[in-house]
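[1] sequence first, predicted coordinates after that:
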Amino acid sequence: MTKKLVTILSTSLLVASLSSVTSVSANSSDVSPKVAEKSLISPQANSGWKKQNGIEARVYTNRTGSYPNSDTYIGVTAEKKTTGAAYYQLVISEQKNGTSYQRASKDGTWSGTSISHNFNIDDILDRNSQGTFLVRLKIFAYGDWDTWLGDWETETFTVVN
């Protein structure tokens, strides 16, 4: 009798613990993809996953909000889920009075799933100043820089130098 009671209690506890896990995972679908995505990979300014012309990609920085003057670079990562090679361009643009000014860029051939590049803050912003920036990922057809396939942009972020 005691053995049966222990088995029943153990089974009840197991079922109760599984039902709480199920309810948590069921509730996690209520979170919007953008919020869930940011919480997994934050902090960063992020474009979010977008699909354009058959290419699913995103671009993000290693910070969100602001880069303090103690930082020396902006780390940028681009990822794509689509296989195959493409040409890419990563552009750091400063936003002033509603106008975008390109401050730095890096381009090349992209055949893997991710690329990373560090942009030196001294190259894009004078000492003792601050600016508002965004990162733009431009993708072109492999072998053809004239065939633009899409742009992915982060939110704006502040850099202090």
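    That came in fine, so what should we check first?
[2] distance from stretch 109-125 to the middle of the chain?
    For stretch 109-125, the separation from the chain centroid amounts to 13 Å (computed by CA atoms, centre = their mean, to the nearest Å).
[3] now it: buried residues?
    Under the neighbour-count criterion of 16 or more other CB atoms under 10 Å, stretch 109-125 has W110, I115, H117, F119, I121, I124, L125 buried. C-beta here means a position set from N, CA and C on the backbone, and glycine is covered the same way.
[4] and if you look at stretch 153-161?
    If you call a residue buried by 16+ other CB under 10 Å, then stretch 153-161 has these buried ones: E153, T154, F157, V159, N161.
[5] circling back to that earlier point, including secondary structure, could the buried residues of stretch 109-125 go into JSON lines?
    Below are these laid out as JSON lines (DSSP: H, G, I helix; E, B strand; the rest coil):
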{"residue": "W110", "secondary structure": "strand"}
{"residue": "I115", "secondary structure": "strand"}
{"residue": "H117", "secondary structure": "strand"}
{"residue": "F119", "secondary structure": "strand"}
{"residue": "I121", "secondary structure": "helix"}
{"residue": "I124", "secondary structure": "helix"}
{"residue": "L125", "secondary structure": "coil"}
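[6] W145: which of those is nearest?
    W110 (12.7 Å; CB to CB).
[7] is it true that that closest one touches Y88?
    Yes - taking CB atoms under 8 Å as the definition, W110 is a contact partner of Y88 at 4.5 Å.
[8] any residues in contact with both of these two?
    With contacts defined as CB atoms under 8 Å, 6 or more residues apart in numbering, the residues shared by W110 and Y88 are A78, I139.
[9] quick one on the thing from earlier: in JSON lines: the buried residues of stretch 109-125, plus pLDDT.
    Converted to JSON lines, those look like this (pLDDT from 0 to 100):
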{"residue": "W110", "pLDDT": "95"}
{"residue": "I115", "pLDDT": "96"}
{"residue": "H117", "pLDDT": "96"}
{"residue": "F119", "pLDDT": "95"}
{"residue": "I121", "pLDDT": "92"}
{"residue": "I124", "pLDDT": "93"}
{"residue": "L125", "pLDDT": "92"}
